[in-house]
Each structure stands twice: as C-alpha cells, then as structure tokens.
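K.L.:
Fold the following and give me the result.
(one chain, ligands or ions: 1)
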Amino acid sequence: MMLKKALLWAQKELRDSVDRPRLEAEILLAHLLGCRREALVLKEIEDIDFESLKVLVERRKNHEPIEYITNNVSFYDFELFIDKGALIPRPESEILVEKALELIKKYSLTKVVEIGIGSGALSIAIARHSNVTIEASDISSDAIEIASQNIKSFNLQERIQVFNCSMFECFGSFDLLISNPPYIDPEFKLEKNVADYEPHTALFAP
Ligand SMILES: C[S@@+](CC[C@H](N)C(=O)[O-])C[C@H]1O[C@@H](n2cnc3c(N)ncnc32)[C@H](O)[C@@H]1O
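P.N.:
Reported below is the predicted structural model:
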C-alpha cells in the first residue's frame, strides 16, 4: 500500500477514537517505518506493511496510549524510552524539574534523591542540567528496568544510581529529595487510556 493511501486509511480509522487522527496516523506510520514524523513527506514508499499498520491502529483504537505503542515519549528537552511497566511522564512534572534545578543552583546542592523514579524522566532531566549525583528508588522492578535503560542511553550511569526498594530505605545522606508519588484515590474513576494501561502502583495512593 502506498504511504499516502495508508495515511488516509489510518486517519479515517482513528477519527472516532482520538482527538488528532491525522497527527496520530503520522506518528504510527513513522514508527512503523522507523523514521521521524517530519521525514514522512520525503518518503516515496509504496510498500507499507498494511497488516502491521492495522495492528498499531487497532491498539490505539482500544485507547492504548500512543507512547506505549511507539515506546517513545518527549519530556523536558529530550525523548526517552517508555513501556507499560512505567508511568508515562507528564508535562506538569517538568515544573518539579524546574524547581529542583532552581534549588540546586541557589544552594549549590550536590546530592539529590528521587523516590519513585518510574521511567527515569525527572532524574535524567535534572542530571542533564546540573552536576548533581542522584540516587533513586522504585518498588517496581519493571520501572527500575526501564529507568536503567534510559539512564544508560544518556550515559548517566555514573551519576544516577537506582535501587529497587521502598521510599528512602536505600539512600545515604542527601541535600534534596524529590518525588512525584502515586496520589490518586483508588475510588477515583480514571480515563480508560490511563486506568487500563498505566501501572496502578504508579497511580493510586496506597
Ligand atoms: C506517579 S509515578 C512517578 C514516576 C516518575 N517519577 C514520573 O514522574 O514520571 C510514581 C512512582 O513511584 C513508585 N512507587 C510507588 N510506591 C513507592 C514506594 N513506596 N517507594 C518507592 N517507589 C514507589 C511507582 O512504582 C512509580 O514508578
């Protein structure tokens, strides 16, 4: 199938399920072709693997977050790997990064700890924009695996250490503690794309 036809097909299929069907169709096709979305205009591909495209579109129609389908999420000024074992980092959490960076600069802090590292987004953003060392915990071994993969891909293993433990059980002394903990009331009715796909240990307050 030609790219243009595949795009129109995917866009039409997604029309009733997502707010931006054209954009999401492009993201899914770029993921399938292993290129950036912007590069689609330069592609003259006539042979789109339609069966694989159908699987991706079906997953999205079932409300699976596009970040889990493409294994990619933008946070702060970078992109990182994401998968179902960790919460998709939210843009609002960038405020926490900004605040931490302000405090690090103002008080010349050197040692930060994070409780509940998830994908690693916050710790990685802080490490990339300061010289601190970071120790981070998470009770989820899946999250630890995803965070470790991201830390390695940014070559920050020397500066961010992760521990599969609860709260701050495994930390030594520190200058600053940050956390975006699970805080949602378990009775609260979340949207399907969140409740059905994101890890409940990352969402609901114990
Ligand atoms: C809301 S998510 C935040 C993830 C990431 N920091 C972010 O902002 O995208 C909360 C994280 O805390 C972890 N968590 C929950 N209870 C914990 C505990 N007692 N000790 C350490 N981590 C915990 C969850 O597994 C999850 O990864």
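K.L.:
what's the span of stretch 12-24, first residue to last?
P.N.:
11 Å (C-alpha to C-alpha, to the nearest Å).
K.L.:
Would you mind listing what in the protein touches the ligand?
P.N.:
Contacts of the chain with the ligand, taken as C-beta under 6 Å from any ligand atom, map to 86-87, 89, 93, 115-119, 121-122, 137-140, 143, 166-167, 180-182, 201-202. C-beta coordinates here come from the backbone N, C-alpha and C atoms, glycine included.
K.L.:
And stretch 169-188, what's buried?
P.N.:
171, 174, 176, 178-180, 182 (16 or more other C-beta atoms under 10 Å).
K.L.:
make that stretch 8-26, sorry
P.N.:
For stretch 8-26, the neighbour count (16+ other C-beta under 10 Å) marks 9-11, 13-14, 18, 21, 24-26 as buried.
K.L.:
Quick check: the two most widely separated of those?
P.N.:
With distances taken as C-beta to C-beta, the most widely separated pair in the buried residues of stretch 8-26 is 9 and 18, at 14.7 Å.
K.L.:
Let me see the confidence value for the residue nearest the centre of the chain.
P.N.:
Centroid-nearest residue in the chain: residue 88, 3.8 Å away (criterion: C-alpha atoms, centre = their mean). Looking at residue 88, its pLDDT stands at 98.
K.L.:
The chain: helices as residue ranges?
P.N.:
Taking DSSP state H, the helices of the chain run over residues 3-14, 21-33, 50-61, 66-70, 93-107, 121-128, 141-153, 192-195, 200-203.
K.L.:
deepest of these, which one?
P.N.:
helix 121-128 (a mean of 24; mean count of other C-beta atoms under 10 Å).
K.L.:
For that one, name the packing helices and strands.
P.N.:
Under the contact definition 3 or more C-beta pairs under 8 Å, 6 or more residues apart in numbering; DSSP states H and E, helix 121-128 sits against strand 72-75, strand 78-81, helix 93-107, strand 111-115, strand 133-137, helix 141-153, strand 160-163.
K.L.:
hmm, try it at 7 Å
P.N.:
Judged by 3 or more C-beta pairs under 7 Å, 6 or more residues apart in numbering; DSSP states H and E, helix 121-128 is in contact with helix 93-107, strand 111-115, strand 133-137.
K.L.:
Turn the ones you listed into a markdown table, including mean pLDDT and distance to residue 74.
P.N.:
Below are the helices and strands packed on helix 121-128 laid out as a markdown table (pLDDT from 0 to 100; distance: least, C-beta to C-beta, whole Å):
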| stretch | mean pLDDT | distance to residue 74 |
| --- | --- | --- |
| helix 93-107 | 98 | 10 |
| strand 111-115 | 98 | 20 |
| strand 133-137 | 98 | 21 |
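K.L.:
Now render the ones you listed as a markdown table, adding distance to residue 158.
P.N.:
Shown next, in a markdown table, are those (distance: least, C-beta to C-beta, whole Å):
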| stretch | distance to residue 158 |
| --- | --- |
| helix 93-107 | 18 |
| strand 111-115 | 14 |
| strand 133-137 | 8 |
